[in-house]
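Peer 1: Fold the following.
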Amino acid sequence: MPKIQFQGNSYPMDENENLLDGLLSQHARAPYSCRAGVCHSCMLRVTAGPVPTGAQALLTAEQIKKGYILACQTKVTGDLSLTLPTRDEVPGILTELTSLSSTEVIIKLSTRLPFEVAIGEHITLVSNEGFEATYPVTGVSDESQTLECIIARSAGGSPFSAWIHSEARAGDRLMVIKNG
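Peer 2: This is a model prediction of the structure:
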């Protein structure tokens, strides 16, 4: 019976069992969404063990090179050690907007997926409306996977900052992209 090592736990699985289903049935905190390999939410990185056939069919050459697999497309064939990949681009959700002054607001956003960035590093934020701008990170919590940025609004400023100050609300979705 193959064993899957994931997030500090060992999960026994049946041969040819779907990896995502097996993890979820044992209450592992594995990310997922579409279950069809399209969204890539269930992407994991193999750190030990052979990559199962078909687990990388829907991935780019770069993702394959990094050892990524899609859990929803993986049939368990042997022991594996897995980790969540660190991504350079992740979906985010605005969790809080707090006015600091008439021209500055601090935003908090949750990435829900691992995203390594340090205070002072720059990230690009892209709204669903297509507005985007780059800001330095002013706060990070790896434990809760949240980031903070201060967004200043100025006359003739970016459409993104105007959107944050006038229309954005907690619960709005963004893409968060790590720069360089």
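Peer 1: Helices along this protein, start to end?
Peer 2: Secondary structure of the chain by DSSP state H: the helices cover 19-25, 61-65, 159-166.
Peer 1: State the mean pLDDT of the second one.
Peer 2: Just to be clear, that refers to helix 61-65. Confidence for helix 61-65, expressed as mean pLDDT, is 82.
Peer 1: How about the backbone phi and psi for His27?
Peer 2: The phi/psi pair for His27 (degrees, to the nearest 10) reads phi 60, psi 30.
Peer 1: what's around it, how many residues?
Peer 2: His27 is flanked by 9 other residues according to other Cβ atoms under 10 Å. C-beta here means a position set from N, CA and C on the backbone, and glycine is covered the same way.
Peer 1: One more: Tyr11?
Peer 2: For Tyr11, using other Cβ under 10 Å, the count is 21.
Peer 1: For the lowest-mean-pLDDT helix or strand in the chain, list every residue counted as buried.
Peer 2: Here the helix or strand of the chain ranked lowest by mean pLDDT, DSSP states H and E is helix 61-65, holding a mean of 82. Within helix 61-65, the residues that count as buried by 16 or more other Cβ atoms under 10 Å are Gln63.
Peer 1: show me where pLDDT drops low in this structure?
Peer 2: Applying pLDDT under 70 to the chain flags residues 180.
Peer 1: Do you have the strands of it handy? List them.
Peer 2: With DSSP state E as the criterion, the chain has strands at 3-6, 9-12, 43-48, 68-70, 80-83, 89-99, 104-110, 122-127, 132-136, 139-141, 146-152, 173-178.
Peer 1: Mean neighbour count, the helices of the chain: which tops it?
Peer 2: helix 19-25 (a mean of 20; mean count of other Cβ atoms under 10 Å).
Peer 1: From what I see, Glu129 and Ala162 are in contact.
Peer 2: No: counting by Cβ atoms under 8 Å, Glu129 sits too far from Ala162 to count as a contact (10.8 Å).
Peer 1: List the contacts of the residue nearest to the spatial centre of the chain.
Peer 2: In the chain, the centroid-proximal residue (Cα atoms, centre = their mean) is Leu113; its distance is 3.1 Å. Neighbouring residues of Leu113 by Cβ atoms under 8 Å, 6 or more residues apart in numbering: Pro31, Ser41, Leu84, Arg87, Val90, Pro91, Gln145.
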